[in-house]
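J.: quick one: sequence and predicted model below, then my questions.
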Amino acid sequence: MNAAYIQKLGCGRHFDTLNADNLKAFLFDLNAFEKNLANYKQNGNEVLFGELRKHLV
């Protein structure tokens, strides 16, 4: 499921099996993945932990 979401975001590929053709397809798209990830920022799990603190404390 995670791999399918990564593919939907344009940041990677999802394959049911790993074979030479799938690996070539992944490598072919590396520049696109890099471009799509260029502006990606995240703050670890701070948002998650913040929400948990609000509901558990």
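T.: Okay, I see it. Residues are numbered from 1 along each chain as shown.
J.: number of residues surrounding Phe28?
T.: 10 (other Cβ atoms under 10 Å). The way it works is simple: take the backbone N, C-alpha and C, and place the C-beta from them, glycine included.
J.: ok, Lys54 next?
T.: Neighbouring residues of Lys54 were enumerated by other Cβ under 10 Å; the total is 8.
J.: host element of it?
T.: helix 46-56 (DSSP states H and E).
J.: other SSEs contacting that helix?
T.: Using 3 or more Cβ pairs under 8 Å, 6 or more residues apart in numbering; DSSP states H and E as the contact criterion, helix 46-56 has no neighbours among helices and strands.
J.: tabulate the CA atom coordinates of it in CSV.
T.: Backbone C-alpha positions of helix 46-56 (Å, rounded to 0.1, in the frame of the first residue of the first chain) are rendered in CSV as follows:
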residue,chain,number,x,y,z
GLU,A,46,6.3,15.5,15.2
VAL,A,47,2.8,16.2,13.8
LEU,A,48,1.7,12.7,14.7
PHE,A,49,3.1,12.9,18.2
GLY,A,50,1.6,16.3,18.7
GLU,A,51,-1.8,15.0,17.8
LEU,A,52,-1.4,12.0,20.1
ARG,A,53,-0.4,14.3,23.0
LYS,A,54,-3.5,16.4,22.5
HIS,A,55,-5.7,13.3,22.7
LEU,A,56,-3.9,11.3,25.4
